[in-house]
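Dropping the sequence and predicted coords here.
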Amino acid sequence: MAYLELKNVYKTYAQDDTGTQVLSNINLSIEEGEFVAIVGFTGSGKTTLVNLINGLLTPTRGQVLFKGEPVLGTSHERGVIFQNYSLLPWLTVGQNVYMAVKEAFPKEKKSVLHDMVNTYVDMVGLTPAINKRPKELSGGMRQRVAVARALAMKPEMIIMDEPLGALDALTRGNLQDEILNIWEKDKRTALLITNDVDEGIYMADRIIPLRPGPNATLGPEFAINIERPRDKTELNDDPNFKTTRNAIIEYLMEIGNERRVETEEAYVLPDLSPKNFVEQF
Ligand SMILES: Nc1ncnc2c1ncn2[C@@H]1O[C@H](COP(=O)(O)OP(=O)(O)OP(=O)(O)O)[C@@H](O)[C@H]1O
């Protein structure tokens with residue numbers, strides 16, 4: 001039995017019969033302990049897919065199963081790190097993380113919860129800012145709090161919706177490593193949604209492209225057969241990395257071009273000119 005399974009999933013945001021079908025015939029199967037990355041174009045339906053898996057949305061057709069059971073709502077077992085950090089503005093960094101661990105572990109002693117907060121805030125390098133409120137932090141720092149908050153709840157499955165996009169290269173690299181450490185050490189299952197192919201190759205066991213929408217569907221998967229732990233600096237010289245990267249980018253460019261042709265065909269501008277128009281050139 002797959003750990004997470006999507007079977008023939010369709011999603012339409014329908015106000016009426018003309019609603020656009022965002023996702024179409026999505027089939028995905030992730031085994032326990034796997035790290036899977038989905039790469040997709042902007043607006044293709046990545047967040048919709050995350051929300052279906054998280055239980056914030058229900059499919060129009062098809063099934064989302066977690067450990068064999070239908071997903072009927074959100075659960076602490078599946079922790080999401082969203083693209084847009086949503087911190088409570090009146091709470092400090094420490095209090096934001098504390099709220100989350102208290103909710104995830106209601107029976108745990110206060111001192112244990114405090115230790116958890118300190119560990120995860122330290123992990124994202126924010127100990128000096130632990131008493132600051134979100135308005136006193138940069139965007140990147142807020143995103144790091146959101147990462148700490150999600151990981152501190154120790155979800156069995158970590159779902160990441162482009163969580164590191166707004167960060168500088170150094171912070172991004174450090175957090176990629178921290179997420180990988182936690183995934184490996186605590187034997188979690190992870191799904192990363194990203195538009196960065198290199199990030200996907202560095203982190204995942206498999207990369208699956210999400211074809212552009214409407215009617216976005218998953219493309220063929222690319223297995224990443226590069227031994228772990230992976231070294232970013234050595235990766236660029238790894239022939240396996242180069243071949244995999246080229247194959248994925250080639251595929252993405254191909255489907256991107258297909259989309260451009262479709263778009264060009266779809267919009268034909270009317271042949272108009274204003275009344276009494278005099279050509280001057
Ligand atoms: N609640 C909603 N109601 C109607 N349409 C929606 C809703 N949410 C998303 N959409 C539409 O669904 C499509 C996919 O949106 P989604 O946010 O899932 O894409 P995405 O790949 O995450 O985008 P981005 O890369 O910009 O974050 C878009 O065309 C969007 O306008």
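In hand now; what should we look at?

Measure how buried residue 72 is and give me the count.
If you count neighbours by other C-beta atoms under 10 Å, residue 72 ends up with 10. Any C-beta I mention is one placed from the backbone N, CA and C, and that applies to glycine too.

That one: what's it in contact with?
residue 55 (C-beta atoms under 8 Å, 6 or more residues apart in numbering).

what's the spacing between it and residue 155?
For residue 72, the distance to residue 155 (C-beta to C-beta, to the nearest Å) stands at 17 Å.

cool, and residue 280?
For residue 280 relative to residue 155 (C-beta to C-beta), the value is 65 Å.

contacting residues around the residue lying closest to residue 14 once chain neighbours are set aside?
Leaving aside its chain neighbours, residue 14 sits nearest to residue 60 (7.4 Å; criterion: C-beta to C-beta, 6 or more residues apart in numbering). By C-beta under 8 Å, 6+ apart, the contact list for residue 60 reads 10, 11, 12, 14, 21.

do residue 97 as well
Under the criterion of C-beta under 8 Å, 6+ apart, the contact list for residue 97 reads 116, 117, 120, 121, 145, 148, 149, 152.

I'd guess it is in a helix, am I close?
Yes. Under DSSP: H, G, I helix; E, B strand; the rest coil, residue 97 sits within a helix.

Tell me the residues of the protein that contact the ligand?
Neighbours of the ligand within the chain, by C-beta under 6 Å from any ligand atom: 13, 22, 40, 42, 43, 44, 45, 46, 47, 48, 213.

Please tabulate the residues you listed in CSV, including the columns pLDDT.
CSV is the format used below for these (pLDDT from 0 to 100):
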residue, pLDDT
13, 90
22, 94
40, 89
42, 87
43, 87
44, 90
45, 93
46, 93
47, 93
48, 95
213, 77
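
How many neighbouring residues does residue 58 have?
Neighbours of residue 58 under the rule other C-beta under 10 Å: 13.

what does residue 43 give?
Using other C-beta under 10 Å, residue 43 is surrounded by 12 other residues.

cool, and the one 3 residues further on?
By other C-beta under 10 Å, 23 other residues sit near residue 46.

And it, how far from residue 187?
With C-beta to C-beta as the criterion, residue 46 and residue 187 are 26 Å apart.

again with residue 133
Distance, residue 133 to residue 187, by C-beta to C-beta: 35 Å.

And the pLDDT for the residue positioned nearest the centre of the chain?
In the chain, the residue lying closest to the centroid (C-alpha atoms, centre = their mean) is residue 161, at 2.1 Å. Looking at residue 161, its pLDDT is 93.

so what's the residue nearest to it when sequence neighbours are not counted up against?
Nearest residue to residue 161, sequence neighbours excluded (C-beta to C-beta, 6+ apart): residue 50, at 4.5 Å. With contact set as C-beta under 8 Å, 6+ apart, residue 50 has these partners: 80, 159, 161, 191, 193.

hmm, try it at 7 Å
80, 159, 161, 193 (C-beta atoms under 7 Å, 6 or more residues apart in numbering).

What of residue 43?
For residue 43, counting by C-beta under 7 Å, 6+ apart, the contacting residues are residue 213.

try residue 34
Going by C-beta under 7 Å, 6+ apart, residue 34 touches 189, 205.

make it 10 Å
Residues in contact with residue 34, defined by C-beta atoms under 10 Å, 6 or more residues apart in numbering, are 2, 3, 4, 157, 183, 188, 189, 190, 191, 204, 205, 206.

so how far is residue 190 from the residue lying closest to the second one once chain neighbours are set aside?
If the residues on either side of it in the chain are set aside, residue 3 comes closest to residue 32, at 4.2 Å by C-beta to C-beta, 6+ apart. Separation of residue 32 from residue 190 (C-beta to C-beta): 11 Å.

No further questions, thank you.
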